[in-house]
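Here is a sequence with its predicted model. Questions after.
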Amino acid sequence: MCLKIVAGSAIVMMNGAAEFSTMIAIQLEPDGYATIQNLNGYKIGTIICPCSTVYADKLRVLLHTHPNVPAQFRFLTSNGWPIEKCDESAIEISKLISLGVVKIQRHFDLPRLGIKWLDGNHLGFIFVNFNCCLTEVRQKIVADLGDKFFHPENDFEFLERHEWPVAQSQESELVVWDVCQENYCVINKLNNKDKSDSLHKIRKRPLRLIDKQTMKKSIRLKHDYNPTSILISYVHGEATTHARNLKRELLNMGLDKVFLDVDDIPAGQDWQDVINTALNNCNAFVALVTPRYGETRWTNREAKLADDKEKLIIPISFLEKWPPDHLAIQFLSLQYIPWKTSEELKNEDDMSKDITSWAPICVHRVAKEIKKLCTELYESTPVTPSIESKHLVESSSAPPFPQPQSLICKKDYIVISAHSKQKYFVEKMTNMLREEQFDVWPSFDMDDLNGDVVDSSCDDSQISECSPIFDSYCHDKAFTSSSLLSNFKNENSECFEAKVDLKNAENQKKIKLFKKKIKEACLVIIVMSEDYISSRTCLQLAFYCEYRREVIVIKYGDFVIDDSCILNFYPEQDMVKFTGPEDDYNILATLKTEIIKAVHEDTSRKSYKDHIQKMVANLSNQLKIDNCVYVIGGTRVISKNAESFCIALGAELARLVNLTLVTEGFFGAGDLVGRNFCEEKEIRAKGKLHSIYHIIPRKDNTLTKRARQKEDGQFEKVPYGQTLFFGDSIAERDDIVSATFKICILVEGGQRSACLAEKFLFNDCTVIPIIFNNAAISSKRSLGASLSKVPCGVNQNDWSSLVDFTTPPDALAKTVKKIVLSLLKMRKICSKVTNGS
């Protein structure tokens, strides 16, 4: 075969026959929706192909052989119009060639949109569907570009093509096409005056939820009291964006004040104290009940405190089944507002149940329901200044999240929660307590409820699209108007019929009695036996008691509690151990001492939880927690893929300038990441101190194959980085770090690593799971579920790649670095908004 070039063509001699081919120039055009024919592209090179009967799909194959052609591209017509890949097999290359040139354009999953300030300065660009609403564009700008300006949620407004400003209330109605100019859009920076004026223009007359007489009585305290109408409670890792969107809708509808922790905690204030004060002063408590709501420490406590303060609780359910397990008793009698109605679910595509995305129209509907309920509550509630005045006079120095204590609590009243199989032991304990003049109510018949507690409630097929119905016992002040309650019953007839079903009527009666007894009690004793933790009903009762009252847990029998959810709420270190009948006397004597301390002497028990919180505060003072990433994983044998990944991850994380890496200080995954992090830092930092720490316990059982340890069980310092000793056992160290650090990377590991990851989730932290060969995760429900939940600020494709086992370890390490950077950036944005800097 020979080749001859003739005026841009080539004659190919094949077996004596001549076939004409043509030489085509390849030009890469700028991407984006722009008028591109007048812009200069990049001259990539040339390629030779047959000049007839060749279609674009065949030309694509030829182009991929050229080293400079992008892996992902699309063809443009001779006039510059993009061609879809599915149409290439029907288009001849003659339709593409203009003056011997074929134009191509880089292709992305989503088009690029430039973001430009009104003064002409360029902010950057984002990838976004041009058909999505501006509300979503704002969220994308905040996530990707928010570190380039202060207060990204509120500091800018969109301008449409003729430079008319777009109000935030209008953003849900407009899409990118309405504001883009070619392939960019223009935004305008707002100063404080502009923002206040803008909000004033779009908000209706404020809805006051505090009556005038109460306000007059509290006039002398007006400088100390900022009335909060609504507090939004949510899981940070699941619903931060949803909470902000809902807050914006509620403010635009005229509600006086909506408290959201990431927006409303002043600089220098203790966030727990601020949330506690806001919860005391709010009129309505809105809970965004996503799958992990109630499973995290703070959402669980916020919901219980709101119930104890008799707040109007409005749950927004993102669940497929109601109520949530860890708040089942409290939420059992509450109806919820569905995040999407059955009609909205039907009208959407296959992703309609994906809770990571909440359509603006659905947010708007939910906000309307909340406002309607708050208005009806205000109109139906008589003037009762007791709640307001009680909150107004609270000291600003009150401890964060104080233990809820009801005014009707009886000083010598004790409730015992136990399984019916421990009836004999409970009767013996009851007699002992009554001899000490205590009034005792044993509840060992509660495990005999007809079916699970959860099954007695309404499911999605029964729910009506109206405001919630509230337990008249907990919220009787909300329904002084009989007509209002009647209206609610009529609108929700199906649910009312379900709740008075004879099969479960006795269940409802028992649960209501249990809640009443807990409210009256000064102390709760839980007999936690193997039978007790095997009963779903018993566990729901235990979860209900935690934090509401002081609880003494008796571990009844010699068995292992391997449910981390139970141990998160009731640490085994705080339990009184009972191994057999021979312990009866010792147990009863210990109980008597503890009860007298708690009840008569008003002395708090020395709590393991309190000790952990002190250690957390100590560790937080030594490190810049906001810049830390904690690595856990296998400490003995890890797979080849995991080993390669750890080596690559250490090098990748070292490229993040301000990152502080923290490990367990043991062999295995953390050690591999740490060593390679140090090696890369030494190359880059040239002898400066490395930002790597190892948190190890002082001692534990012999683990010489997993850690650097002396014969007496004491752990040794790690030979690189800085070693900090915290905790007198591995379990205690794990409890400290899981309550301290906000980002955790899990690389394989066994049962202990999986349990530790669940502890991080309980503390509302983000776990980045790299599972490879980790069978331990399959038994951990909340950890497995977290794999499918994309954290706020993280790209969905990046998160999905964590479970793509075909991804090479080095590429996966780059993705994890990108995820870490996104999470740190999101925390930085929240910090800027919070601190007002």
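It's in. These numbers come from a predicted model, not from an experiment.

residue ranges of the strands in the stretch 401-550 of the chain, please?
Here the stretch 401-550 of the chain has its strands, by DSSP state E, counting those that start in this stretch, at 413-417, 439-442, 523-529, 550-556.

which strands and helices sit next to the shortest one?
What that stands for is strand 439-442. strand 413-417, helix 423-435 (3 or more C-beta pairs under 8 Å, 6 or more residues apart in numbering; DSSP states H and E). In short, each C-beta sits where N, CA and C put it, glycine included.

nearest to residue 608, of those?
strand 413-417 (20.2 Å; C-beta to C-beta).

Give the rounded mean pLDDT of that closest one.
Averaging pLDDT along strand 413-417 gives 92.

got the angle for it vs helix 423-435?
170 degrees (axes from the mean of the first three to the mean of the last three C-alpha atoms, to 10 degrees).

Going forward, count from 42.
Done: numbering now begins at 42, and the last item shifts to strand 454-458.

By neighbour count, which bits of strand 454-458 are buried? Give me those.
Within strand 454-458, the residues that count as buried by 16 or more other C-beta atoms under 10 Å are 454, 455, 456, 457, 458.

Now flag whichever of those is closest to residue 836.
Checking the buried residues of strand 454-458 against residue 836 by C-beta to C-beta gives residue 458 as the nearest, at 45.7 Å.

thinking the closest one is in contact with residue 564, fair?
No. Shown here, residue 458 and residue 564 do not form a contact pair, counting by C-beta atoms under 8 Å, at 11.5 Å.

about what we covered before: would you list the buried residues of strand 454-458 in TSV and tack on distance to residue 553?
Converted to TSV, the buried residues of strand 454-458 look like this (distance: C-beta to C-beta, whole Å):
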residue	distance to residue 553
454	17
455	20
456	14
457	18
458	16
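
Report the two of the residues you listed separated the most.
454 and 458 (13.9 Å).

Check the contact lists of those two and give me the overlap.
With contacts defined as C-beta atoms under 8 Å, 6 or more residues apart in numbering, no residue is shared by residue 454 and residue 458.

ok so, going back, a markdown table for the strands of the stretch 442-591 of the chain, including distance to residue 712?
Formatted as a markdown table, those follow (distance: least, C-beta to C-beta, whole Å):
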| stretch | distance to residue 712 |
| --- | --- |
| strand 454-458 | 44 |
| strand 480-483 | 52 |
| strand 564-570 | 37 |
| strand 591-597 | 35 |
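
hang on, the earlier thing: out of the buried residues of strand 454-458, which comes closest to residue 367?
Of the buried residues of strand 454-458, the one sitting nearest to residue 367 (C-beta to C-beta) turns out to be residue 458, at 15.8 Å.

sorry, back to before: now the helices and strands packed on strand 480-483 in a markdown table, with distance to residue 350?
Formatted as a markdown table, the helices and strands packed on strand 480-483 follow (distance: least, C-beta to C-beta, whole Å):
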| stretch | distance to residue 350 |
| --- | --- |
| strand 454-458 | 21 |
| helix 464-476 | 30 |
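
Out of those, which gets the lowest mean score?
It's helix 464-476: among the helices and strands packed on strand 480-483, that one has the lowest mean pLDDT, namely a mean of 88.

What residues sit buried inside that one?
Here helix 464-476 shows 466, 467, 470, 471, 473, 474 as buried, counting by 16+ other C-beta under 10 Å.

of all these, which comes closest to residue 167?
Closest to residue 167, out of all of these and judged by C-beta to C-beta, is residue 467, at 61.6 Å.

contacting residues around that closest one?
For residue 467, the contact set (C-beta under 8 Å, 6+ apart) comprises 457, 459, 483, 485, 568.

gap between the third one and residue 718?
Read that as residue 483. Going from residue 483 to residue 718 by C-beta to C-beta, to the nearest Å gives 56 Å.

Could you check which of those two has the larger neighbour count?
residue 718 (28 against 20; other C-beta atoms under 10 Å).

My guess is that one contacts residue 694. True?
Yes. The pair residue 718 and residue 694 qualifies as a contact (C-beta under 8 Å) at a distance of 5.7 Å.

what touches both of these two?
With C-beta under 8 Å, 6+ apart as the test, residue 718 and residue 694 both reach residue 702.

tell me, how many neighbours does residue 121 end up with?
16.

ditto for the one 5 residues further on
Per other C-beta under 10 Å, the neighbour tally for residue 126 reads 14.

Same question for the one 3 residues further on.
The criterion is other C-beta under 10 Å. On that basis, residue 129 has 18 neighbouring residues.

quick one on the thing from earlier: which one of the buried residues of strand 454-458 sits closest to residue 578?
residue 458 (10.5 Å).

And the closest one, how close does it get to residue 302?
Taken as C-beta to C-beta, the span from residue 458 to residue 302 is 32 Å.

got any ranges where the stretch 642-791 of the chain has weak pLDDT?
Scanning the stretch 642-791 of the chain with the threshold set as pLDDT under 70 gives 642-647, 678, 724-731, 743, 745.

now the helices for it?
649-663, 681-694, 710-726, 771-779 (DSSP state H, counting those that start in this stretch).

Direction-wise, compare the first one with helix 771-779 and give the angle.
In other words, helix 649-663. 60 degrees.

For helix 649-663, buried residues please.
Counting neighbours by 16+ other C-beta under 10 Å, helix 649-663 gives 649, 652, 653, 656, 657, 660 as buried.

In CSV: these, plus distance to residue 318.
Below are the buried residues of helix 649-663 laid out as CSV (distance: C-beta to C-beta, whole Å):
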residue, distance to residue 318
649, 27
652, 26
653, 24
656, 26
657, 22
660, 26
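
ok, of those, which one's closest to residue 400?
Nearest to residue 400, judged by C-beta to C-beta, of the buried residues of helix 649-663 is residue 657 at 38.8 Å.

if I look at that closest one, how far off is residue 203?
Applying C-beta to C-beta, the value for residue 657 to residue 203 is 54 Å.

before we move on, what about residue 209?
Applying C-beta to C-beta to residue 209 and residue 203 gives a distance of 19 Å.

So between those two, which is more surrounded?
Between residue 209 and residue 203, residue 209 has the larger neighbour count (other C-beta under 10 Å), namely 20 against 5.

The more buried one contacts residue 196, correct?
No. Using C-beta under 8 Å, residue 209 is not in contact with residue 196; the gap is 11.8 Å.

Can you say which helix or strand has residue 284 in it?
Here residue 284 sits within helix 277-293, counting by DSSP states H and E.

next structured bit after the helix or strand that contains residue 66?
For residue 66, the element it lies in under DSSP H and E is strand 58-70. The helix or strand immediately downstream of strand 58-70 is strand 83-91, counting by DSSP H and E.

Name the residues of that next one that are buried.
85, 88, 90.

tell me the phi and psi of the residue lying closest to the last one once chain neighbours are set aside?
Computed as C-beta to C-beta, 6 or more residues apart in numbering, the closest residue to residue 90 that is not its neighbour in sequence is residue 103, at 5.2 Å. When read as degrees, to the nearest 10, the backbone of residue 103 gives phi -60, psi -40.

Please tell me I have it right and residue 103 contacts residue 97.
No. With contact defined as C-beta under 8 Å, residue 103 and residue 97 do not form a contacting pair (10.5 Å).

Can you name the residues that contact residue 85?
So residue 85 contacts 67, 68, 69, 107, 109, 110 (C-beta under 8 Å, 6+ apart).

Okay, it and residue 99: tell me how far apart.
18 Å.

Pull the contacting residues for the residue nearest to residue 396 when sequence neighbours are not counted.
Closest residue to residue 396 apart from its sequence neighbours, by C-beta to C-beta, 6+ apart: residue 359 at 4.6 Å. By C-beta under 8 Å, 6+ apart, the contact list for residue 359 reads 280, 329, 330, 331, 332, 380, 396.
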